[in-house]
Structure formats: C-alpha cells, structure tokens
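Student: structure for this input, please:
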Amino acid sequence: LTGGMDQTVKFWDFNGMTAALKSFREVTPYEGQQVVSLAYSNTGDKFLCATTKNQCNLYSRDGAKEVEFAKGDMYVHDMSQTKGHVSALVACRW
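Tutor: Predicted coordinates:
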C-alpha cells in the first residue's frame, strides 16, 4: 500500500507482480489532493488515508471507502463547537 504526490493510493502484490511492475488496484481519495499518510488498523482489515484536505477516510483493505470523517467549520471561533478538522491533515494514526 502506497500513496503520495500523484493523489492515488496504490495496492501492490509483490508475489504476483508481472514484469510490467504495475499495482493491481488504485484509489483516488479526493481529486487534486495529495496523499500524506496511510495507516493500517491493528487487525489489518482497514486503513486510514489522510490527504491535504481536512477530511480523513477509512477504507477496507480491498479499497472500498467505508467512512468519510466529518469536516470542521473553519469559520467558528470556538473550535470546541465544531466537529472535524479545519485545516489540511499532515498524518493519521489509529
């Protein structure tokens, strides 16, 4: 599992890889947003994906989006009154 500046999350199977060296699946979390962090769950059946957007996504290990977390309201002065992030994410962790 890799992600980066090309705005995609790529799934790799090194044991079944052909000479073409291509990933077997790609997911684009948000168009125009670079992937900055990926984190597998402890059980390995899900992963978090953080992009330069202010929302994090939860995916199954097969690449199906399960949850899109809330986006915060950046115009609220009291941050305890909003749910979610109000600026770009830089990492994600379980």
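Student: who touches the residue positioned nearest the centre of the chain in this structure?
Tutor: In the chain, the residue lying closest to the centroid (Cα atoms, centre = their mean) is Cys49, at 1.6 Å. Counting by Cβ atoms under 8 Å, 6 or more residues apart in numbering, Cys49 makes contact with Gly3, Val9, Val27, Pro29, Val35, Ser37, Leu38, Cys56, Asn57, Leu58, Tyr59, Cys92. To be clear about C-beta, it is placed using only N, CA and C from the backbone, and glycine gets the same treatment.
Student: which of the residues you listed are buried, as a PyMOL select command?
Tutor: The buried residues among the contacts of Cys49 can be selected in PyMOL (16 or more other Cβ atoms under 10 Å) with this line:
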select buried, resi 3+9+27+29+35+38+56+57+59+92
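Student: give me the subset of the contacts of Cys49 lying in strands.
Tutor: With strands taken from DSSP state E, the overlap with the contacts of Cys49 comprises Gly3, Val9, Val27, Val35, Ser37, Leu38, Cys56, Asn57, Leu58, Tyr59.
Student: for Ala19, see how far away the closest residue to the first one other than its chain neighbours is.
Tutor: Closest residue to Gly3 apart from its sequence neighbours, by Cβ to Cβ, 6 or more residues apart in numbering: Val35 at 3.1 Å. According to Cβ to Cβ, to the nearest Å, Val35 stands 26 Å off from Ala19.
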